[in-house]
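> next one to model:
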Amino acid sequence: FIRGIGQPDALQTFDPGVGVYIDDVYLSRIQGALLSLYDVERIEVLRGPQGTLYGKNTIAGALKIVTRRPTAETRFDAELAGGEAGRRDAKVYLAGGLTDTVSASISGLVQQRDGLVRDFLTGREYNDRDNTAARAALRWQPSDTLDVQFALDWTEQENALNLGRNEAPLVAVNLLAPTAPIVLAPARTGEFDFTAASTLPNGPGQKLRHWGPSLTVEWNASDAVSLKSITAWRSLETASYIDIDATQFQLGDVFVGLDQEQASQEFQLQYDAGGRFSGIVGLYYLRENVGSAQRAFADDFLRLGPTARISFLRTIDDDLTTESYALFGQGTYELSDALSATVGLRYTTEDKDYYRTTTVFSSFAPLRGTFVFEPQDSWDAFTPSLTLDYRAADDVLLYASAARGFKSGGFNGRSNSAAEASTFEPEFVWTYEIGAKSTFADGRLRLNAAAFV
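Now for the predicted structure:
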């Protein structure tokens, strides 16, 4: 979230509210942002709607991770860490020149920790950590005007279940007397003793594999004009087992598997001749396909009478394909030595096709059934922005801005019956901000202030 706007649900039918980028490559899924890198140069945060400068339209803003570019200078960094609960981390970064025009870098990390929660029935450990990541970059600079960089990153996580404790009573529903639920376990009180239990067998936990290559080409066609191309492909696979009740009862044992691929292409043309006007125009394309499988087991949840359990398994299989096209631009004109105006505009169109099938298997016949939901739709929008900057002094900048944000509509990925099937409309927002940025005492003191709505 940025300033109250975001998206808490990681389901693939909901797009992120905040755009996360690695070196100008947009990550479509919230789960894909859960990665670790060791060659980070800086992190940029763009508040408010984003879409007139680069990448995909995002309604809340953007988080941009910029990695180190390899140079001819040899550089080596390493870090080791240890701590409680068997924490052990190792990180390494190596970069340098291979030839007069080619340089490269490689980085990697391992993060491990023992479990923090113990199963009081079996002794198993939960809530551990086991992350591995690596990234390699190859940079070719055949001339002062051409810069080509290829990068490949890979992240893998394989952790045990994450369990807490029940803060409310856990109950089974008696279909013959639904207003009198059967208490299976009272709410746990007192200080958490870091113990839990699970009906899931040994092995299942949370697995994530996320990787992809990218190719960025920057060409300075002249002193005033530069061209940039960003080509990328990414793959994200997750397999997560979740014991929602964190007890020996099967009230909400869930498996969620995700298989996502995305391909994107972006072109940017930047103009800056050193005069009063500078600007950028760009084209953006993204195609994403997300397949998902979900299984929910709840054999302890429903009963016919106090003891007769009803078996329950709900399966969900769905697939979403999204194509996003955009044309964007932004220009700044200096009205005077102190005052400048920036105007931006983006046109976005997105097409989505969705397929979902839900089946319930149960020993109680009235619960059984299959539901199919197969919609498709498209949305488009113009999203402008306007900013005025006034330099009151060399170290004081005053500004005011207004911008419109857009997030395309989608489909109810939680629907389990025809009555719940629906398509939701796009989100729009207008954001307004005024503020000041200043430095004092030869840059040793910075004072910024902003008001926004």
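> list the buried ones in stretch 422-434?
427, 429, 431, 433 (16 or more other Cβ atoms under 10 Å). Bear in mind the C-beta positions are built from the backbone N, C-alpha and C, glycine included.
> please apply the same query to stretch 205-220.
Neighbour-count burial for stretch 205-220 [16+ other Cβ under 10 Å]: 205-208, 210-214, 216-218.
> now do stretch 90-106
In stretch 90-106, counting by 16+ other Cβ under 10 Å, buried: 91-95, 103-106.
> list the buried residues in stretch 365-384.
Quick answer for stretch 365-384 (16+ other Cβ under 10 Å): 371, 373, 377, 379, 381, 383.
> sorry, back to before: switch the buried residues of stretch 205-220 over to CSV; also include distance to residue 124 and pLDDT.
Formatted as CSV, the buried residues of stretch 205-220 follow (distance: Cβ to Cβ, whole Å; pLDDT from 0 to 100):
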residue, distance to residue 124, pLDDT
205, 10, 89
206, 15, 91
207, 17, 94
208, 21, 94
210, 27, 95
211, 30, 96
212, 34, 96
213, 38, 98
214, 40, 98
216, 45, 98
217, 50, 98
218, 51, 98
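> between which two of these is the distance greatest?
205 and 218 (41.8 Å; Cβ to Cβ).
> where does the stretch 101-250 of the chain dip in pLDDT?
Within the stretch 101-250 of the chain, the ranges that satisfy pLDDT under 70 run 203.
> which among the buried residues of stretch 90-106 gets closest to residue 22?
Out of the buried residues of stretch 90-106, the member with the shortest distance to residue 22 (by Cβ to Cβ) is residue 105, at 14.5 Å.
> helix or strand right after the host helix or strand of the closest one?
Using DSSP states H and E, residue 105 sits in strand 102-113. The C-terminal neighbour of strand 102-113 among helices and strands, as given by DSSP H and E, is strand 117-119.
> for that following strand, what is the distance to the chain centroid?
Computed by Cα atoms, centre = their mean, to the nearest Å, the separation of strand 117-119 from the middle of its chain amounts to 29 Å.
> direction included, what does it pair against?
strand 125-126 (antiparallel), strand 195-196 (parallel) (DSSP bridges).
> can you count the residues close to residue 9?
The local packing of residue 9 (other Cβ atoms under 10 Å) involves 11 other residues.
> cool, the one 10 residues further on as well?
Here the neighbour count serves as a burial measure; for residue 19 (other Cβ under 10 Å) it reads 25.
> can I assume residue 366 sits in a strand?
No - using DSSP: H, G, I helix; E, B strand; the rest coil, the secondary structure at residue 366 is helix, not a strand.
> hang on, isn't residue 357 packed against residue 316?
Yes - contact status for residue 357 versus residue 316: in contact at 7.4 Å, counting by Cβ atoms under 8 Å.
> more neighbours, these two?
Neighbour count, other Cβ under 10 Å: between residue 357 and residue 316, residue 316 has more, with 19 against 14.
> please name the nearest non-neighbouring residue to the more buried one.
Closest residue to residue 316 apart from its sequence neighbours, by Cβ to Cβ, 6 or more residues apart in numbering: residue 294 at 4.0 Å.
> now do the same for that neighbour: helix, strand or coil?
Taken by three-state DSSP, the conformation at residue 294 corresponds to strand.
> need the contact partners of stretch 185-201.
Stretch 185-201 has contacts (Cβ atoms under 8 Å, 6 or more residues apart in numbering) with 116-122, 124, 126, 161, 163-170, 241, 243, 246-250, 253, 297.
> please redo it, this time with the cut-off set to 6 Å
Identification of contacts with stretch 185-201 by Cβ atoms under 6 Å, 6 or more residues apart in numbering yields 117-121, 161, 163, 165-170, 241, 243, 246-248, 250, 253.
> again, but for stretch 208-226
25, 32, 35, 145-152, 154-157, 227-238, 270-271, 273.
> the residues you listed in strands, which ones?
25, 146-152, 154-157, 227-238, 270-271 (DSSP state E).
> buried subset of the residues you listed, written for PyMOL?
Remark: buried members of the ones in strands among the contacts of stretch 208-226, expressed as a PyMOL selection using 16+ other Cβ under 10 Å:
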select buried, resi 25+147+148+149+150+151+154+155+156+157+228+230+231+232+233+234+236+237+238+270
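> can you dump the C-alpha coordinates of stretch 266-282 into PDB?
The C-alpha coordinates for stretch 266-282 follow below in PDB (Å, rounded to 0.1, in the frame of the first residue of the first chain):
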ATOM      1  CA  GLU A 266       8.700  -1.500 -23.500                       C
ATOM      2  CA  PHE A 267      10.200   1.300 -25.700                       C
ATOM      3  CA  GLN A 268      11.100   4.700 -24.500                       C
ATOM      4  CA  LEU A 269      12.200   7.800 -26.400                       C
ATOM      5  CA  GLN A 270      13.700  10.600 -24.300                       C
ATOM      6  CA  TYR A 271      14.400  14.100 -25.400                       C
ATOM      7  CA  ASP A 272      16.500  16.700 -23.600                       C
ATOM      8  CA  ALA A 273      18.500  19.300 -25.600                       C
ATOM      9  CA  GLY A 274      19.400  21.300 -22.600                       C
ATOM     10  CA  GLY A 275      16.700  23.900 -23.400                       C
ATOM     11  CA  ARG A 276      13.400  24.700 -21.700                       C
ATOM     12  CA  PHE A 277      11.600  21.600 -22.800                       C
ATOM     13  CA  SER A 278      12.400  17.900 -22.000                       C
ATOM     14  CA  GLY A 279      10.200  14.900 -22.300                       C
ATOM     15  CA  ILE A 280       9.600  11.200 -22.800                       C
ATOM     16  CA  VAL A 281       7.200   9.000 -24.800                       C
ATOM     17  CA  GLY A 282       6.800   5.300 -24.600                       C
END
